[in-house]
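Participant: build the 3D model from these lines:
(2 chains)
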Amino acid sequence: MRPFSYERVSTPAGAASAAARTQGAKFIAGGTNLLDLMKLEIEAPTHLIDVNGIGLDRIEPTAEGGLRIGALVRNTDLAADKRVRKDYALLSRALLAGASGQLRNKATTAGNLLQRTRCPYFYDTNQPCNKRKPGSGCAAIGGYSRQLGVIGTSDACIATHPSDMAIAMRALDATVETVKPDGATRAIPIAEFHRLPGDTPHIETVLEPGELITAATLPAPVGGTHIYHKVRDRASYAFALVSVGAIVQRDGSGRVAVGGIAHKPWRVEAAEAAMPRGAKAVADGLLAGARPTRDNAFKLTLVERTLGAVLAQARG
Amino acid sequence: MKDDDFGITRRGVLASGGASLAIATVPPVRAEIPSAPQPMPAAMKVALTVNGRKRTLDIDTRTTLLDALREHLHLTGTKKGCDHGQCGACTVLVDGRRINSCLSLAVMHEGDEVTTIEGLGTPDRLHPMQAAFVKHDGYQCGYCTPGQICSAVAVLDEIRNGVPSHATRDLNARPRATNDEMRERMSGNICRCGAYSNILDAMTEVAGRRT
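Facilitator: Residues are numbered from 1 along each chain as shown, chains lettered A, B, ... in the order given. Now for the predicted structure:
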């Protein structure tokens, strides 16, 4: 690990201004992803701003009938919250499908959204990786790509976003609230929060330097049957090959977001109109324009079949 | 030169062996050169309570909670396995919740209460989970065991507190300490000897006593 200086801050605005003050600074909350990457020197911040003391650790009702989830609410607490379990079961299910009990006790709502990819070539500092070292190339293209992206990829990067929670947030139309170093706040729809890799895969979100996530807000509950189906190489504690998060209404309409296939939670609202017609019709729309590799073309079939299982489960 | 400069311990041999192996096999490639000037190593004071005892450390900011426990406080019961949050050998309780101590900086634990395997029980007064692991042979080599036991204690607390898991059928009902629940909740603790079924027996016995 590279040396770094460390400070604790007590307010969200103080955190953002501390980040603007120090070049090479990063926020740290749970630290479960950042410290892992710092040990490998994939991340090498010169200064850490510990935001655990700034509050933002509560889940509160909004005036619109939804929930405002503080950035520092731990994954365990979010999954266990009674309101979330009852009205946003998809979110509980997605969280509980991810990581281990130990990690969920530490990992935060904001940190979960900001997880880096698990692409093996991003992790291996002996390999070129445009995300880790812009312009160095992509060893994943033409490499071992079984776990990697099939849609929204680019010639620079085929990495996927590893979060389960973000898939549920995308299906639930969450909004990400932030504060900038100058004190300005903004609300970013989750659909616009994560970026596709394009030719700048090292820029993963629309956050500006020093901008701090303060909350994720959920709109009022939409009802329906909530299902998160994660397909992975072992039954627990593994990243998704494909995951499907869906909310299905009694008339067969609904929403679906897919994980494990793209650089961001993958949802195509136009494809959802086909939900009453079954999995194939939805998958055709969701995966139009997919560019799988030889290793991961199976994911196209897997998305359709996982979605089929989800729709069957929703019918009961 | 002092006598103890020649003292050879198993840990010393393992550490130096590991270091020379790393030098022999890993090319000196470091792809990431940060743009900002890298500061010198920084030390900081942190005060925390470990197994009921107040401790103050003056340590490099890079020190993980795991290394602080093992190398600074000499509580070597907590084990370093993967050092990346994948194996669970370093599991300890912080303010009653289990975490991977390898993925947490010691300086981030100001004022926290840490419980390690040494704080759960002693050889003379075993914690019920420690006694159950002995009774049910919940280990072979024993390396993962301190983490397994800390995790197992926390798992039963989580079930008692109504925290759901991936194995919980009805999110709105109280979870119970079933085999499926305990297996799922223990998935962050790897045992390469494969003592899982005996670990489950130990946990079942302790859960039975409580409920």
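
Participant: where does the residue in chain B positioned nearest to chain A fall, phi/psi-wise?
Facilitator: Nearest residue of chain B to chain A: B:Gly188, at 2.5 Å (Cβ to the nearest Cβ). Where C-beta positions appear, they are placed from N, C-alpha and C, glycine not excepted. With angles defined as degrees, to the nearest 10, B:Gly188 sits at phi -90, psi 10.

Participant: and the helices in chain B?
Facilitator: Along chain B, the stretches classed as helices by DSSP state H are B:10-25, B:65-67, B:117-120, B:128-136, B:145-160, B:179-185, B:196-210.

Participant: now those helices as JSON lines including mean neighbour count and distance to chain A?
Facilitator: Formatted as JSON lines, these follow (neighbours: other Cβ atoms under 10 Å in any protein chain shown; distance: least, Cβ to the nearest Cβ, whole Å):
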{"stretch": "helix B:10-25", "mean neighbour count": "9", "distance to chain A": "11"}
{"stretch": "helix B:65-67", "mean neighbour count": "24", "distance to chain A": "10"}
{"stretch": "helix B:117-120", "mean neighbour count": "20", "distance to chain A": "15"}
{"stretch": "helix B:128-136", "mean neighbour count": "20", "distance to chain A": "15"}
{"stretch": "helix B:145-160", "mean neighbour count": "24", "distance to chain A": "7"}
{"stretch": "helix B:179-185", "mean neighbour count": "19", "distance to chain A": "5"}
{"stretch": "helix B:196-210", "mean neighbour count": "18", "distance to chain A": "12"}
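
Participant: just give me the neighbour total for the residue in chain A that chain B sits nearest to.
Facilitator: Residue of chain A nearest chain B, by Cβ to the nearest Cβ: A:Ser100 (2.5 Å). Using other Cβ atoms under 10 Å in any protein chain shown, the number of residues around A:Ser100 comes to 26.

Participant: which non-adjacent residue is nearest it?
Facilitator: Of all residues not flanking A:Ser100 in the chain, B:Gly188 sits nearest, at 2.5 Å (Cβ to Cβ, 6 or more residues apart in numbering or on different chains).

Participant: number of nearby residues for the one you found?
Facilitator: By other Cβ under 10 Å, neighbour count at B:Gly188 equals 24.

Participant: hmm, B:Cys150 and it touching each other?
Facilitator: No. Counting by Cβ atoms under 8 Å, B:Gly188 stays clear of B:Cys150, with 11.2 Å between them.

Participant: give me the common contacts of those two.
Facilitator: Residues touching both B:Gly188 and B:Cys150 by Cβ atoms under 8 Å, 6 or more residues apart in numbering or on different chains: B:Thr91.

Participant: stretch A:67-75: how far from the chain's middle?
Facilitator: Centre-to-centre, stretch A:67-75 and its host chain are 14 Å apart (Cα atoms, centre = their mean, to the nearest Å).

Participant: got it, and stretch B:90-103?
Facilitator: When distances are taken as Cα atoms, centre = their mean, stretch B:90-103 is centred 6 Å away from the chain's centroid.

Participant: can I get that stretch in PDB? Just the C-alpha atoms.
Facilitator: C-alpha atoms of stretch B:90-103 as PDB (Å, rounded to 0.1, in the frame of the first residue of the first chain):
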ATOM      1  CA  CYS B  90      -9.600 -12.400  10.000                       C
ATOM      2  CA  THR B  91     -13.200 -12.100  11.200                       C
ATOM      3  CA  VAL B  92     -13.600 -10.100  14.500                       C
ATOM      4  CA  LEU B  93     -16.500  -8.400  16.100                       C
ATOM      5  CA  VAL B  94     -16.500  -4.600  16.200                       C
ATOM      6  CA  ASP B  95     -19.200  -3.100  18.400                       C
ATOM      7  CA  GLY B  96     -20.800  -6.500  18.300                       C
ATOM      8  CA  ARG B  97     -20.800  -6.900  14.500                       C
ATOM      9  CA  ARG B  98     -18.600  -9.200  12.500                       C
ATOM     10  CA  ILE B  99     -16.300  -7.600   9.900                       C
ATOM     11  CA  ASN B 100     -13.200  -8.600   7.900                       C
ATOM     12  CA  SER B 101     -10.400  -7.000  10.000                       C
ATOM     13  CA  CYS B 102      -8.100  -7.100   6.900                       C
ATOM     14  CA  LEU B 103     -10.300  -4.700   5.000                       C
END
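
Participant: interface residues of the stretch 101-250 of chain A facing chain B?
Facilitator: Residues of the stretch 101-250 of chain A lying near chain B by Cβ under 8 Å from any Cβ of the partner chain: A:101-103, A:105-106, A:125-126, A:129, A:132-133, A:136, A:235-237.

Participant: how about B:Val163, what does it touch?
Facilitator: Listed by Cβ under 8 Å, 6+ apart, the contact set of B:Val163 reads A:Thr76, A:Ala79, A:Ala80, B:Pro175.

Participant: state the distance from it to B:Arg98.
Facilitator: Distance, B:Val163 to B:Arg98, by Cβ to Cβ, to the nearest Å: 11 Å.

Participant: how about A:Asp77?
Facilitator: According to Cβ to Cβ, A:Asp77 and B:Arg98 sit 14 Å apart.

Participant: which one of the two has more residues nearby?
Facilitator: Taking other Cβ under 10 Å, A:Asp77 and B:Arg98 do not tie; B:Arg98 has more neighbours (31 against 22).

Participant: now that one, nearest residue through space, not along the chain?
Facilitator: Using Cβ to Cβ, 6+ apart and skipping the chain neighbours, the partner closest in space to B:Arg98 is B:Ala154 (3.7 Å).

Participant: could you do B:Gln140 as well?
Facilitator: Spatial nearest neighbour of B:Gln140, excluding adjacent residues (Cβ to Cβ, 6+ apart): B:Cys193 at 3.5 Å.
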